[in-house]
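# Predicted coordinates and the sequence they were generated for:
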Amino acid sequence: MKLVHVDELDRVEMPDGFVWRPVRRHFGIRAFGTNAYTPGATGRIVEEHTENRFEHEELYVVLRGRVLFTVDGDEHELGPGQVVHVRDPALRRGAVALTDDAAVLAVGGRPGQPHEVSSWEHEFPAIPHLRAGRYDEARRILHEALEENPGNPSTLYNLACTEALAGERDRALELLDEAVTGDDRYREYARTDEDFASIRDDPRFPS
Amino acid sequence: MSEGYAILSLDEAERADHRGSHLVPVRHLLGFRPAGVNAWIADTGGQLIPPHEEDSGNEELYAVVRGRATFTVGEEEADASAGSLVFVEPEVFRTAVAREDGTLVFAVGGTVGEAFNPGGWDSFALADTYRQAGRLEEGRAIMAQLIAEKPAYWATHYNAGCFEALAGDADAAFEHLRRAKELDADGDSAQYFREDGDLDPLRDDPRFEELLR
């Protein structure tokens, strides 16, 4: 048996304010995706997002404190032992903590498929470094992620962001091209991603 | 609220009795598909999670939402307070006892390398709880739904047979049990037909003989 308290898990504070507590990674779970979240500086506890990219069905359990969930534009104030099940990957969901002690456990996966570790679990640890301008550290983590999932378009895309922000125009364009070749949805994401502001005027930028 | 999402309060949800514990059959109630998810509640302390093992490859995670529980896994014992997460590897005996009234644990399970495929034990637990409360039609509706979802799975027909045997409808029970026997190519059901106490109401019926052949 392995036992850990949610407050003892690693804390990876993300730029939009929530703190990722890696549960699956802590235990080495392979059968399903699961993570915990606690509030960071802004009080956000669950990133506002859809699951369009991974097509995951998700379930959130409030473990502690009060949490205001917004799902598909509806607000729900929930406490310990209340569960949100988001079946439709296209619905926008997110949450803010109403109390500092709030903690949420998330479970997710793609129905009908064996669980695959989401590439973002390898990429998230790079994001705080990326936002703080520590590009070498971000690169190191993303290259490790790429070793775990060679050719993963999401990881290539995040590396492209890193290189663009670090001023490495040629390398950024090369990586972005690889990401778009791997998954055409990144063409759309790149169009509006501020990380690419410095290279968007380049004729090589995917249109 | 749109149909793409749902909210469930574990304290207010339907409960099932399962081997001496109180189960909130979360997966059944919500129709969650990526993993097995359930909750266990002990209103007055005592047994929280029934003693059991999980098959090869089946990983389980327990999250203590409220109260405090003592987990026994294999030879190990550990106290888990609210906010604790307990991971249990496959093929190890596990159980938990609540140390406070109202202890609530959320559980997640799945099999490594396989798409989640619900066995339906949690749905059956709810159906059987309805049966014991005299809510036969609600119990039957769950069994019919399980059979419709997996018409070729012998164990669901077998469980439907147990349900009807205990509900006192011998004709319906034999119909389900015959179908279970037909579908069970590997003969896994034979031991259950011989030993399962759920079938005791049928054992004196001459029709039972053919199930033992």
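Thanks, I have it. Numbering: from 1, shown residues only, chains lettered A, B, ... in the order given.
# List the residues that contact B:Thr70.
The contact partners of B:Thr70, by C-beta atoms under 8 Å, 6 or more residues apart in numbering or on different chains, come to B:Glu77, B:Ala78, B:Asp79, B:Ala80, B:Ala96, B:Val97, B:Arg99. From N, CA and C alone the C-beta is placed, and that goes for glycine too.
# what residue ranges in chain A score low on pLDDT?
By pLDDT under 70, chain A has no low-scoring segment.
# all helices for it, in order.
Listed in chain order, the helices of chain A (DSSP state H) span A:24-27, A:119-123, A:127-131, A:135-148, A:153-165, A:169-182, A:185-192.
# Compute the inter-axis angle for the last one and helix A:169-182.
Note on geometry: by axes from the mean of the first three to the mean of the last three C-alpha atoms, to 10 degrees, helix A:185-192 and helix A:169-182 are set 140 degrees apart in direction.
# Go ahead and measure how far helix A:185-192 is from the middle of the chain.
Centroid displacement of helix A:185-192 relative to its chain, using C-alpha atoms, centre = their mean, to the nearest Å, is 17 Å.
# So which other helices or strands are in contact with it?
Here helix A:185-192 is seen to pack against helix A:153-165, helix A:169-182 when contacts are counted using 3 or more C-beta pairs under 8 Å, 6 or more residues apart in numbering or on different chains; DSSP states H and E.
# Same question for the shortest one.
In terms of contacts (3+ C-beta pairs under 8 Å, 6+ apart), helix A:24-27 is packed against strand A:2-5, strand A:33-39.
# Mind putting the ones you listed into a markdown table with distance to chain B and mean neighbour count?
Shown next, in a markdown table, are the helices and strands packed on helix A:24-27 (distance: least, C-beta to the nearest C-beta, whole Å; neighbours: other C-beta atoms under 10 Å in any protein chain shown):
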| stretch | distance to chain B | mean neighbour count |
| --- | --- | --- |
| strand A:2-5 | 4 | 17 |
| strand A:33-39 | 6 | 24 |
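# ok, which stretches of chain B are helices?
For chain B, the helices defined by DSSP H cover B:26-30, B:121-132, B:136-149, B:154-167, B:170-183, B:190-195, B:208-212.
# How about the contacts made by B:Phe71?
Under the criterion of C-beta under 8 Å, 6+ apart, the neighbours of B:Phe71 are A:Met1, A:Leu3, B:Ile49, B:Tyr62, B:Glu77, B:Ala78, B:Asp79, B:Ala80, B:Val86, B:Arg94, B:Thr95, B:Ala96.
# was I right about the second one contacting B:Ser84?
So that's A:Leu3. Yes - with contacts counted by C-beta atoms under 8 Å, A:Leu3 reaches B:Ser84, the gap being 6.0 Å.
# sorry, back to before: which one among the contacts of B:Thr70 gets closest to A:Glu174?
Of all the contacts of B:Thr70, the one sitting nearest A:Glu174 is B:Ala80; the distance, using C-beta to C-beta, is 49.2 Å.
# so how many other residues sit close to A:Tyr20?
Just to correct that, residue A:20 is Trp rather than Tyr. A total of 25 residues lie near A:Trp20 under the criterion other C-beta atoms under 10 Å in any protein chain shown.
# contacting residues for the nearest residue to it once chain neighbours are set aside?
What sits nearest to A:Trp20 in space, not counting adjacent residues and going by C-beta to C-beta, 6 or more residues apart in numbering or on different chains, is A:Val12, at 4.4 Å. Going by C-beta under 8 Å, 6+ apart, A:Val12 touches A:Val19, A:Trp20, A:Arg21, A:Pro22, A:Phe124, A:Pro125, A:Pro128.
# make it 7 Å
A:Val19, A:Trp20, A:Phe124, A:Pro125, A:Pro128 (C-beta atoms under 7 Å, 6 or more residues apart in numbering or on different chains).
# quick one: which of those is nearest B:Pro201?
Nearest to B:Pro201 out of those is A:Trp20 (C-beta to C-beta; 53.9 Å).
# Check the contact between B:Arg66 and B:Leu104; I expect there is one.
Yes - under the criterion of C-beta atoms under 7 Å, B:Arg66 is in contact with B:Leu104, at a separation of 4.3 Å.
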